[in-house]
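Structure of the sequence below:
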Amino acid sequence: SITKIMTGLLGCENLDPSAKFTMTESAARSITESNSSSIYADTGEEFTIEQALMAVMLQSANEMTLAIAELTSGSTKKFVEQMNLKARQLGCTNTHFNNPNGLPDDTTASDMAKIARAAWFNFTFRKFVTTGYYEIPPTNKFAETRYLLNHHKMMSGQTYAYDGVLGGKTGYTEAAGNTL
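Okay, the predicted model is just below:
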C-alpha cells in the first residue's frame, strides 16, 4: 500500500487538486482483489482531485489510484511507466512498480525512503499525509458523507504517538505484511 506514496506524489505534481473529474468504469471496476481498500466510488461519480488524493492517502482507496493514473497519464500502463521513471530519477535501484496501487509491487525500504522523502518535500502531498480526518460530502451517485481517517497510529493524538511524526502512509498486503 505504500506504493501509493508514488501515486500520490505524481498526482500532486501533475494535477490541480481543485479540478473535478468523473469516475470512469475502468477505474471504478478494475480492482478485483477481495478485501481491497476502497471508498466504493461508482462509474459516473463526480469528485475533485483533492478528494481522490485524500481517499488514496487516508483510506488507501485502490479505485482512486486508477483514477489518478488515468487523469495523470491517460492510462494505467503509461502511469506505471511514469512511476518507474520517477523511481529511477530518485535513485531507486530495487523498485519496479506494476500498478498504481501496489497489489503487489517490488521495492525495498531504502527505495521507499527515497520516494517518501521526495514526496514529503512536495507541499501539496504533505497536506494529504498530515490530515487526520477528511470528509467527502454526498456526490451525484452517493447520498451519504464518506468519512476518511488517517490510520497512522504514530501521529499526534493517536495510540502510539511519537514526537516529531507529522504524517505518513500505512498499509497492509498479504505479500508485504504491515508497511509504514
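
Quick one: neighbours of residue 29, just the number.
13 (other C-beta atoms under 10 Å). The way it works is simple: take the backbone N, C-alpha and C, and place the C-beta from them, glycine included.

Leaving out sequence neighbours, find the closest residue to it.
residue 43 (7.0 Å; C-beta to C-beta, 6 or more residues apart in numbering).

Could you measure from that neighbour over to residue 154?
Separation of residue 43 from residue 154 (C-beta to C-beta, to the nearest Å): 37 Å.

quick one: which of these two has more around it?
Each of residue 43 and residue 154 has its neighbours counted (other C-beta under 10 Å); residue 154 has more, 17 against 13.

Need phi/psi at the more buried one.
phi -100, psi 0 (degrees, to the nearest 10).

looking at it, it is touching residue 168, isn't it?
Yes - counting by C-beta atoms under 8 Å, residue 168 is a contact partner of residue 154 at 7.5 Å.

what touches both of these two?
Residues touching both residue 154 and residue 168 (C-beta atoms under 8 Å, 6 or more residues apart in numbering): residue 180.

Could you measure from residue 123 over to residue 87?
Residue 123 sits at a distance of 21 Å from residue 87 (criterion: C-beta to C-beta).

okay, the two: which has more neighbours?
Higher neighbour count among residue 123 and residue 87: residue 87, with 22 against 8, using other C-beta under 10 Å.

quick one: the strands in this protein?
Taking DSSP state E to define them, one finds strands in the chain at 20-22, 46-48, 133-136, 146-149, 171-173, 177-179.

Check which helices and strands the fourth one sits against.
It refers to strand 146-149. Applying 3 or more C-beta pairs under 8 Å, 6 or more residues apart in numbering; DSSP states H and E, one finds that strand 146-149 makes contact with strand 133-136.

Buried residues, the strand it packs on. List them.
Neighbour counts over strand 133-136 (16 or more other C-beta atoms under 10 Å) mark 134, 136 as buried.
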